[in-house]
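**Student:** Provide a 3D model corresponding to the input given below.
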Amino acid sequence: MHMTIQNKTEPAWYRWYILAVLVSVYAFSYIDRQIVTVLAPFLKHDLGVSDAQLGILYGTTFALFYGLFGIALARLADGWSRVRTLALGLSFWSVMTALSGAAGSFAQLGLARVGVGVGEASSTPAAVSILGDYFEKSQRATVLGLYSIGVYVGAGLSLVIGGSVVAFWQSHFPDRALAPFGLAGWQAAFMAVGVPGLLLALLIVLTIREPVRGRLEGVVHMGDPKPFRSALREASAMLPPWNVLRLAREGYPRREIVKNLTWLAVAAIFCFFIVRFTDGLLTPERRPVVGHVAGLEITSNVIQWVAMSIAFYAVASWFQSLRLRDTEAASMLTSSRTFRALTLAGGFLAFGMNATTGFVFVYANRYLGFTAASGLQLGAVAAICGGLGITVSGYLADFARRRMATGRLWFTCLTAAIFTLASLVQFTTQNIPLFYAAFAVSTFFVPMWFAPNQATTQDLVTPRLRGTAFAMYSLGANILGLGLGPYTVGLISDATGDLRFAILCALGTLPFAILALVYAARHLESDERVAQRAALGMA
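**Tutor:** Numbers count the residues shown, from 1 in each chain. Sure, this is the predicted structure:
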């Protein structure tokens with residue numbers, strides 16, 4: 001239901017308060033997400049995980065469920081209370097982070113990380129949608145840039161807190177049997193960052209008011225009368241047998257069922273061959289068996305490629321469902337050349353970013369002799385430089401947008417190129433001060449694509465699709481970038497015994513991101529006009 005109203009505003013301080021709280025939530029999400037990076041050497045020692053398994057813990061187990069549940073939970077945020085969606089998601093992932101500290105094996109820790117991904121999937125779609133109804137379109141990239149400060153504040157704090165807790169534990173409880181509850185330092189670190197999120201969730205419920213959707217555009221969307229049903233519908237559209245049964249029950253042509261089952265077969269065949277190929281790259285010592293199912297060995301590669309095959313099929317099924325039942329959303333999100341190119345660019349950018357950030361502490365520990373206490377320095381650099389980079393990126397992207405319609409996208413191209421060059425220096429030098437300097441430069445520039453790309457995708461849709469648009473855009477960043485980036489580095493490292501070579505290979509994907517951004521820039525203005533006409537038609 002839509003209707004036109006006059007704009008209603010709150011005191012400026014309240015809008016900025018909301019932004020500050022949402023930045024804090026984003027920071028908590030990245031603390032809980034990134035802490036695996038600084039704890040990695042200790043996970044390798046205590047749980048015996050390989051580099052590829054570290055990539056799975058950091059990336060795949062999180063990214064798959066974050067990306068797929070993000071679609072359903074974004075639909076819930078678009079139809080239900082975004083404030084409640086955010087608070088419930090924060091509570092859930094905080095509990096799962098704390099439970100990660102109770103893990104005694106790779107499998108148990110992996111399951112806890114799945115829970116973190118599911119909970120965090122609710123966060124940013126709801127937050128971005130809330131901010132879209134508290135700040136005018138002209139401020140959107142600036143506000144999203146400020147919101148994205150949480151990424152590197154959280155990433156930096158994860159290094160600081162994780163390194164500090166482990167260093168404290170090592171100095172005060174060298175004998176684990178005498179430590180509180182017999183916990184290792186890495187287990188205590190997980191619990192230390194998980195519990196405070198519950199208090200932040202309570203603050204959200206008590207102090208943030210749910211804004212009316214679309215009010216700043218003068219066109220209000222009243223939400224979904226059955227939001228949970230719609231969210232379950234999104235989830236069921238992804239996985240068999242519910243998706244196939246629904247296609248048959250709702251009378252869609254048989255060719256749609258055949259098409260869906262064909263995607264399932266392609267995913268299964270791909271999974272079979274890629275598992276055989278990647279298992280063949282590793283020696284038995286570097287190919288640990290996690291368990292057995294029906295007599296078959298379950299290796300890290302089996303987990304990775306089963307997860308990615310599920311992701312491929314689920315996304316294909318969701319696209320099919322969206323095309324059949326919501327022509328407006330399908331037109332805006334799947335037919336827009338700009339949106340498709342931005343999603344692909346986001347995937348490549350996230351691939352390079354997560355490939356480097358996911359292994360930066362492991363690399364520094366292995367090649368430069370960094371200790372747990374070194375996480376304090378790395379974390380400080382990440383928080384300061386990354387936070388500053390995100391802060392100025394929104395303003396600079398909006399400035400570039402005012403100078404030319406495609407300014408935000410050209411800005412992203414430039415910053416991606418600088419990040420790549422700095423990273424090449426960072427992962428080839430043996431000089432520790434130069435490593436820190438290159439890390440500072442790369443960390444300053446790597447997050448600068450968040451705000452301009454997110455703001456551009458929001459400009460390509462109508463108000464009712466903001467959360468869904470963000471979730472769809474995030475599929476590229478999470479499934480391609482986070483789901484493949486860290487694992488690929490870990491796999492190449494295990495196969496070659498050279499982590500530096502593996503990271504440099506991952507950086508080779510960034511030129512493809514720039515090509516996708518150039519393509520998006522060519523079609524941006526025409527696709528924005530389509531979105532503007534659709535918004536006017538809603539009134």
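
**Student:** residue most distant from the centroid, the chain?
**Tutor:** Leu178 (37.9 Å; C-alpha atoms, centre = their mean).

**Student:** and the pLDDT for that one?
**Tutor:** Per-residue confidence for Leu178 comes out at a pLDDT of 77.

**Student:** I'd like to know how far it sits from Phe168.
**Tutor:** According to C-beta to C-beta, to the nearest Å, Leu178 stands 14 Å off from Phe168. Glycine gets a C-beta too; all of them are placed from N, C-alpha and C.

**Student:** thinking Leu47 is in contact with Gln108, fair?
**Tutor:** No: using C-beta atoms under 8 Å, Leu47 makes no contact with Gln108, being 9.1 Å away.

**Student:** my guess is Gly154 contacts Ala27. True?
**Tutor:** Yes: using C-beta under 8 Å, Gly154 is in contact with Ala27, at 3.8 Å.

**Student:** more neighbours: these two, which one.
**Tutor:** Between Gly154 and Ala27, counted using other C-beta atoms under 10 Å, Gly154 has the larger neighbour count: 27 against 23.

**Student:** what's near enough to touch the nearest residue in space to that one that is not next to it in sequence?
**Tutor:** Residue nearest to Gly154 in three dimensions, not counting chain neighbours: Tyr30, with 2.7 Å by C-beta to C-beta, 6 or more residues apart in numbering. Contacts of Tyr30 were listed using C-beta atoms under 8 Å, 6 or more residues apart in numbering, and they are 150-155, 158.

**Student:** more crowded one of Leu47 and Gln108?
**Tutor:** Between Leu47 and Gln108, counting by other C-beta under 10 Å, Leu47 is the more crowded of the two (18 against 14).

**Student:** and the more buried one, how close does it get to Arg337?
**Tutor:** 45 Å.

**Student:** just the mean pLDDT for the helix or strand containing Ala329, thanks.
**Tutor:** Using DSSP states H and E, Ala329 maps to helix 327-334. Across helix 327-334, pLDDT averages out at 70.

**Student:** now stretch 400-417
**Tutor:** 89.

**Student:** what residues sit buried inside that stretch?
**Tutor:** 400-401, 406-413, 415-416 (16 or more other C-beta atoms under 10 Å).

**Student:** can you show me the strands along this structure?
**Tutor:** Applying DSSP state E to the chain gives strands spanning 2-4, 219-221, 289-293, 296-299.

**Student:** any idea which of those scores lowest on pLDDT?
**Tutor:** Within these, confidence is poorest for strand 2-4, with a mean of 39 (mean pLDDT).

**Student:** now the helices for the stretch 251-400 of the chain?
**Tutor:** Counting by DSSP state H, counting those that start in this stretch, the stretch 251-400 of the chain has these helices, from start to end: 254-280, 300-325, 327-334, 337-357, 360-367, 374-381, 387-403.

**Student:** residue ranges with poor pLDDT in this protein?
**Tutor:** 1-9, 67, 137-138, 140-141, 214-225, 331-332, 463-464, 467-468, 471, 530-539 (pLDDT under 70).

**Student:** burial of Asp459, as a residue count?
**Tutor:** Neighbours of Asp459 using other C-beta under 10 Å come to 19.

**Student:** now do Leu424
**Tutor:** Counted with other C-beta under 10 Å, residues neighbouring Leu424 total 15.

**Student:** I'd say it and Leu504 touch.
**Tutor:** Yes: using C-beta under 8 Å, Leu424 is in contact with Leu504, at 7.2 Å.

**Student:** do I have it right that Val275 meets Ile303?
**Tutor:** No: applying C-beta under 8 Å as the test, Val275 and Ile303 come out as separate, 9.6 Å apart.

**Student:** higher neighbour count, these two?
**Tutor:** Set side by side, Val275 and Ile303 show more neighbours around Ile303, with 22 against 18, by other C-beta under 10 Å.

**Student:** measure that one to Tyr487 for me?
**Tutor:** Counting by C-beta to C-beta, the gap from Ile303 to Tyr487 is 10 Å.

**Student:** again with Leu322
**Tutor:** 28 Å.

**Student:** more neighbours: these two, which one.
**Tutor:** Legend: neighbour count by other C-beta under 10 Å for Leu322 and Tyr487, higher for Tyr487 (32 against 19).

**Student:** let me see the contact set for the more buried one.
**Tutor:** 52, 55-56, 59-60, 304.

**Student:** cutoff 10 Å now
**Tutor:** 51-60, 63, 278, 300-301, 303-305, 307-308, 354-355, 358 (C-beta atoms under 10 Å, 6 or more residues apart in numbering).

**Student:** and the residue lying closest to Ala314 once chain neighbours are set aside, how many neighbours?
**Tutor:** Nearest non-adjacent residue to Ala314, counting by C-beta to C-beta, 6+ apart: Met238, 3.8 Å away. Met238 is flanked by 23 other residues according to other C-beta under 10 Å.

**Student:** give me the contacts around stretch 273-280.
**Tutor:** Surrounding stretch 273-280, the residues in contact under the criterion C-beta under 10 Å, 6+ apart are 52, 287, 297, 299-306, 308-309, 487-488, 491, 494-495.
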